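Undergrad: Kindly return the folded structure for what I paste below:
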Amino acid sequence: MREVWVFVNGKQVYADKNMYMPASARKNPDGRLALTNGSFDLPLNAGSNEIAIAVASNFYGIGVILRPDSVEGLKFAGK
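TA: Here you go, the predicted structure:
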């Protein structure tokens, strides 16, 4: 199981799976993480937005790639 859920300002905006088994459930390239197999636009509001990403995996871990068009004004919350 490898699943991801993305929330913007408390609302789910994306959910997807990239399972390794069965082989028919694997996304290209061979069930691995790539910008081409899970890209989507975030519906952001003007001003501040809170983005939360939840991941689940029971198969060698999972990754998340964030590649914004611009980093101007982008801040990450501390622990």
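Undergrad: contacts and neighbour counts: CA atoms only from here.
TA: Will do.
Undergrad: Tell me where the protein is predicted with low confidence.
TA: Along the chain, segments meeting pLDDT under 70 span 1, 31-32, 61-62, 78-79.
Undergrad: Okay, strands next: where are they in it?
TA: All strands of the chain, identified by DSSP state E, fall at 2-8, 11-17, 51-57.
Undergrad: Buried deepest among those strands, which one?
TA: Highest mean neighbour count of the strands of the chain: strand 2-8, a mean of 17 (counted as mean count of other CA atoms under 10 Å).
Undergrad: Just give the nearest non-adjacent residue to Gln12, would you?
TA: Counting by CA to CA, 6 or more residues apart in numbering, Val6 is the residue found nearest to Gln12 once chain neighbours are left out, at 5.8 Å.
Undergrad: Next, format the strands of the chain as JSON lines and append distance to Phe76.
TA: Rendered in JSON lines, the data for those read as follows (distance: least, CA to CA, whole Å):
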{"stretch": "strand 2-8", "distance to Phe76": "14"}
{"stretch": "strand 11-17", "distance to Phe76": "19"}
{"stretch": "strand 51-57", "distance to Phe76": "10"}
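Undergrad: can you tell which of these is closest to Gly38?
TA: In terms of CA to CA, the element of these nearest to Gly38 is strand 11-17, at 7.6 Å.
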